[in-house]
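**Student:** Dropping the sequence and predicted coords here.
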Amino acid sequence: MYDVLIVGGGVIGCAIARELSRYQLKICLVEREEDVCTGTSKANSAIVHAGFDAAPGSKKAYFNVEGSRMMEALCQDLDIPYDRCGSLVLSFDAADRPRLEELVRRGQENGVEGLEIVEGETLRTMEPNLSSQAVAALYAPTGAIVCPFTLTYALAENAAANGAEFRFDTCVERIERTDDGFAVYTNHGVLHSRTVVNAAGVYADVLHNQLCENKLTIVPRRGEYCLLDKTEGRLVSRTIFQLPSTMGKGVLVTPTVHGNLLVGPTAVDQEDKSDTATTAEGLAQVTSAAGRSVSRLPMNKVITAFSGLRAHIAVGADDFVIGESAENFFDAAGIESPGLTSAPAIGAYLADLVAEKLRAEKKNDFIAKRRGITPLKELPFEERRTIIEKDSAYGQIICRCEQISEGEIIEAIRRGARSLDGVKRRVRAGMGRCQGGFCAPRVMEILARELQLQSTDLTKSGGESHLIAGQTKEGWDK
Amino acid sequence: MERNLICIGCPLGCQLTAVMENGVVTAVTGNTCPRGDEYARKECTAPERTVTGTVRVVGGAVPVVSVRTSRPIPKEKVLELAQLMGKIRVQAPVRPGDVVAANVLETGSDLLATCSAAID
Amino acid sequence: MKHVELAIIGGGPAGLAAAAAARRNGVEDILIIERDSRLGGILNQCIHAGFGLHTFGQELSGPEYAQRFIDQVAELSIPCLLDTMVLDLSEERILTVTSRTEGLQQIKADAVILAMGCRERPRGALNIPGTRPSGIWSAGTAQRLVNMEGVMPGREVVILGSGDIGLIMARRMTMEGAKVHAVAEVMPYSGGLKRNIVQCLDDFDIPLFLSTTVVEIHGRKKLEGVTLAQVDERRRPIPGTERYIPCDTLLLSVGLLPENELSAGANVALSPITGGPVVGEDLSTSIPGVFACGNVLHVHDLVDFVSQEATLAGEAAARYLSAGESQAETIPLLAEGGVRYTVPQFIHRDTTENVTVRFRVGQPYRNAAVCVYVNDQLLRRIPKRVLAPGEMEKVILRPADLPAEGGSIRFCIEEGTN
């Protein structure tokens, strides 16, 4: 019997698990995939929003601004990159100035600091590569960028270090209320828990509707992105938005904390909760829309394209659904943008709520800090040399493009990577311009060795995503 | 009977037509040099290929070594040889030039290692 | 800091030939730095025959061709660092290198030869829509898995791109018991050598679809199939021509890119066309003492030409180390009208040797002529029945052909009137 069972290992579920692990509670997080960070958390804008978009008084506004305030210290505790690069919302028409002013007012009401409108020379000096169509912009100095992968992994690792249990490849099929809590039926048997936290992303409505009166419908809203080579990472130095529309914040152009350039997303509603295919139309739309913001966008430097699904609530609410939706059943549902930004605040809020309900006491041995996997290439020469002297595996480069050593890959595996994608998202091997062309076979070799797997057991992302069909010549026998 | 071929003698890639009577090439057209004529005659009567591939190594530091035929073999035996290569096992160490299998498929061609495999 | 006279980055065919040539021309202190665990570079996985016809007069496999140069380097006692990655090269020719055995170190070189080779263009560069399942490999990665590791990425195969690696892999996969359903090529002509189309596809009845591309990738976790469609002359898919092919493997052979991150870090001027350094007839780059050869300079069809080019680079580095940089005026070579680029891009006026200028055309031609103009005066007109982007061409210039001061040499293709 668990005290809390969290469904969903995205950034929200992991943030809740981490905050709950401050308390003397028996916590379990179940995730349908082989790893945390495999859904919306791995495919988004990687932005810490300042908080001027959401309607004042909404949960989105509250958690956005709170999350934005908490993020830097959290990233420090978790030893992951954070860059308060600031953001700009462009307007392309002088007549749109009232809309920028409206954003300033809204932002101020939400508690966002330092907002101002910039134009002309000031704007061009800040961002020399903006298109000539941009006439003015809202400047938000508190806008920032993070790495959504390492944020999620760090939260999960820290939660685990504080005693939370993680169960992977575990899909919740149904939840039933029992005398002392819930029976959660999964593909790996029944789990019992006094409380359930629903952080199931685009599937949160399915869980919610099993136990709550007020029904929700989540319509996945697909967003397609293109990631550009690090050679283009300095095209802009801040996150560049366009004035928002009803379908979201529009297409942005932003540097990433790792020095790439990210453009996207589109916004297309769909029924399928797992279809993250990219489309020719979507990618074309990203290109043309981003081209409005930035002139001479070098789309020939795209190294990969991907899409993610935002958990947009179409029926039942027009805001995040956060709280105790039914007795001992807690929701973090409809967490679309600004979900990543809000994660620290949602985690803290829901954890406190659950702990209060369970009358749990705080631990006095909670470990707040987590040590990251040191990216060797960012270290000064002498420090790097010392690390290699201690462990020679750090001297062997496996991923050329990102200069990732064998030592870092082994460390990623020790921390839970079980697939090529698991390694890639933790330490960036295969994330560079050749997209794993050179390093995939070598990472596979290391995975097989460290996890004692046969080559035919290796996967790209768990489940059926096998990489090797068998040995050569075997096909002749089939 | 006529047979159309693309000459592989040079980048030109001439479209060749070989006229055949009773299994003998009586005329070649479309070629722009003597090499085209020669290629068409050989290709139509007794086409041959040098075959390359790999065979599994037993007790080696590498799982396979690359091999090739010592001389071209009849084209129709290429896939048969590919299957045969799947059955051959070679004991490490292997050095380039080692005969991995002699007179494969009675073609008079040996299978030679083209790289080395040290003992594990 | 450790010091060497000549550091050669890369122990593939280019680096090996450059090292041997430099030693034969009197350079005593040479160091080859190779990131893999053995010398030979990509040739080690190219187990097919067809290498060395120009150099050795026989058709060798890749490993055999490499071994000839590895043996030379061994005979000349040229030291090599294996499993060693060059992390950084500075303008002052300081190399930062790392390896498991030697750790992190810096090496100052009096001269450097860039011989890092090239990499394959990945899926992302094509922006093929669809899912992102396992089973999509660049052809060269699959070549390594099959030929060196003895494992199969899959058994039902579609190949996108008819570059030589794609064609070679169509045959290899078939020979290993896989079914290759199709090779799709977006251009109306193949980028590969004719003999490869005949011997790798036609021999095994593998269809080649020209003006065709992959418009969608299917399968959530594991590749389940691809949709092919024909494209128009602007390479846009034509609606209604789609066809679905079930497969578990998609190999991409869609171009090679010279790998010049280190060169860029050292501020070596790069050509936007070749993706490699801008060089003179002596393979010198814009940074004194830094030379380039092989696929890092421009992508070659035949390794024999890589070896020739690398030999020149090795000789030039030796000359630089003994006599310093050439101070002579440089004459630009201009690629125009159908000629995409030339290598070299300039020639020092004081050259005493014939210069082999290699180039590629931008589209196929029939019955055209390669024309060389010196200051708008026709120097040479070489009729060609066929010119194709997939086949590198060459023109040899003599020192006497070079123009007077301030002149240039222009290369172009003229059609008709042969």
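**Tutor:** Nice, thanks for sending it over.
**Student:** which residue of chain C sits farthest from its center?
**Tutor:** Relative to the centre of chain C, and counting by Cα atoms, centre = their mean, the farthest-placed residue is C:Gly240 at 36.8 Å.
**Student:** C:Gln230 versus that residue, what's the distance?
**Tutor:** In this view, C:Gly240 and C:Gln230 are 9 Å apart by Cβ to Cβ, to the nearest Å. (Glycine included, C-beta is placed from N, CA and C.)
**Student:** Need the three-state assignment for the residue of the stretch 1-150 of chain A found nearest chain B.
**Tutor:** Nearest residue of the stretch 1-150 of chain A to chain B, counting by Cβ to the nearest Cβ: A:Glu34, 27.2 Å away. Assigned with DSSP: H, G, I helix; E, B strand; the rest coil, A:Glu34 falls in the coil class.
**Student:** Please give the centre-to-centre distance between stretch A:95-111 and its chain.
**Tutor:** Taking Cα atoms, centre = their mean, to the nearest Å, one finds stretch A:95-111 lying 27 Å from the centre of the chain it belongs to.
**Student:** Name the residues of it that are buried.
**Tutor:** A:Leu100, A:Leu103, A:Val104, A:Arg106, A:Gly107, A:Asn110, A:Gly111 (16 or more other Cβ atoms under 10 Å in any protein chain shown).
**Student:** residues making contact with it?
**Tutor:** The contact list for stretch A:95-111, computed with Cβ atoms under 8 Å, 6 or more residues apart in numbering or on different chains, reads A:50-56, A:61-62, A:64-65, A:89, A:91, A:115-117, A:136-138, A:140, A:243.
**Student:** among those residues, which are in helices?
**Tutor:** Judged by DSSP state H, helices contain the following of the contacts of stretch A:95-111: A:Ala61, A:Tyr62, A:Asn64, A:Val65.
**Student:** hang on, the last one packs against A:Asp53?
**Tutor:** No: under the criterion of Cβ atoms under 8 Å, A:Val65 lies out of contact with A:Asp53, with a separation of 10.7 Å.
**Student:** more neighbours, these two?
**Tutor:** A:Val65 (25 against 22; other Cβ atoms under 10 Å in any protein chain shown).
**Student:** For that one, which residues are in contact?
**Tutor:** A:Gly51, A:Asn110, A:Gly111, A:Val112.
**Student:** C:Pro332 too?
**Tutor:** By Cβ under 8 Å, 6+ apart, the neighbours of C:Pro332 are C:Gln345, C:Phe346, C:Ser408, C:Ile409.
**Student:** try 7 Å
**Tutor:** By Cβ atoms under 7 Å, 6 or more residues apart in numbering or on different chains, the contact list for C:Pro332 reads C:Gln345, C:Phe346, C:Ser408.
**Student:** starting at the chain centroid, how far to the strand or helix carrying it?
**Tutor:** In this structure, C:Pro332 sits in strand C:330-335 according to DSSP states H and E. The chain centre lies 22 Å from the centre of strand C:330-335; the measure is Cα atoms, centre = their mean.
**Student:** Same check on stretch C:289-305?
**Tutor:** 6 Å.
**Student:** What count of nearby residues applies to the residue in chain A that chain B sits nearest to?
**Tutor:** Chain A approaches chain B most closely through A:Lys473 (3.1 Å), counting by Cβ to the nearest Cβ. Counted by other Cβ under 10 Å, the residues lying close to A:Lys473 total 24.
**Student:** which SSE is the spatially closest residue to it that is not a sequence neighbour in?
**Tutor:** Spatial nearest neighbour of A:Lys473, chain neighbours left out: B:Gly86 (3.1 Å); criterion: Cβ to Cβ, 6 or more residues apart in numbering or on different chains. If you go by DSSP H and E, B:Gly86 is part of helix B:78-87.
**Student:** From the contact counts, what lies against that helix?
**Tutor:** Contact here means 3 or more Cβ pairs under 7 Å, 6 or more residues apart in numbering or on different chains; DSSP states H and E; on that basis helix B:78-87 packs against strand B:52-58.
**Student:** strands paired with the strand it packs on, and their directions?
**Tutor:** strand B:64-69 (antiparallel), strand B:89-91 (parallel) (DSSP bridges).
**Student:** how far does it sit from the chain's center?
**Tutor:** Averaged C-alpha coordinates place strand B:52-58 at 16 Å from its chain's average position (Cα atoms, centre = their mean).
**Student:** For it, the averaged confidence score.
**Tutor:** Mean pLDDT, computed over strand B:52-58, is 96.
**Student:** Name the nearest residue to A:Val135, ignoring sequence neighbours.
**Tutor:** Closest residue in space to A:Val135, ignoring its immediate chain neighbours: A:Ala94 at 5.5 Å, by Cβ to Cβ, 6+ apart.
**Student:** what are the phi and psi angles of the one you found?
**Tutor:** Main-chain dihedrals, A:Ala94, degrees, to the nearest 10: phi -60, psi -30.
**Student:** can you check the one 5 residues further on too?
**Tutor:** Per-residue torsions, A:Arg99: phi -70, psi -40 (degrees, to the nearest 10).
**Student:** who's B:Gln15 bridged to?
**Tutor:** B:Ile6.
**Student:** That one and chain A: what is the separation?
**Tutor:** B:Gln15 sits 34 Å away from chain A, going by Cβ to the nearest Cβ, to the nearest Å.
**Student:** what's the pLDDT at that residue?
**Tutor:** 84.
**Student:** who touches the helix holding B:Gly86?
**Tutor:** Helix B:78-87 is touched from outside by A:Lys473, A:Trp476, B:Arg49, B:Val51, B:Gly53, B:Val55, B:Val67, B:Ile73, B:Val104, B:Leu105, C:Met175, with contacts defined as Cβ under 7 Å, 6+ apart.
**Student:** ok, now how distant is the third one from chain A?
**Tutor:** When distances are taken as Cβ to the nearest Cβ, B:Arg49 and chain A turn out to be 18 Å apart.
**Student:** Can you report how many residues neighbour that residue?
**Tutor:** Using other Cβ under 10 Å, B:Arg49 has 17 other residues around it.
**Student:** Tell me which residues touch it, please.
**Tutor:** Contacts for B:Arg49 were tallied using Cβ under 7 Å, 6+ apart; they are B:Pro72, B:Ile73, B:Lys75, B:Val78, C:Gln199.
**Student:** Top of these by number of neighbours, please.
**Tutor:** B:Val78 (24 neighbours).
**Student:** who in chain C is up against chain B?
**Tutor:** C:47-49, C:59, C:61, C:63-64, C:67, C:147, C:149-150, C:175, C:194-195, C:198-199, C:203, C:385-386, C:388, C:391 (Cβ under 7 Å from any Cβ of the partner chain).
**Student:** Which of those residues fall within helices?
**Tutor:** Among these, the ones falling in helices (DSSP H) are C:Pro63, C:Glu64, C:Gln67, C:Asn147, C:Met175, C:Lys194, C:Arg195.
**Student:** thought A:Gly10 was touching A:Ala43?
**Tutor:** No: using Cβ atoms under 7 Å, A:Gly10 makes no contact with A:Ala43, being 10.7 Å away.
**Student:** what about the two, which has more around it?
**Tutor:** A:Gly10 (30 against 23).
**Student:** Grab the nearest non-local neighbour of the more buried one.
**Tutor:** Spatial nearest neighbour of A:Gly10, excluding adjacent residues (Cβ to Cβ, 6+ apart): A:Ser41 at 4.1 Å.
**Student:** Could you report the neighbour count for that neighbour?
**Tutor:** Counted with other Cβ under 10 Å, residues neighbouring A:Ser41 total 28.
**Student:** list the contacts for it?
**Tutor:** Going by Cβ under 7 Å, 6+ apart, A:Ser41 touches A:Gly10, A:Val11, A:Pro148, A:Thr152.
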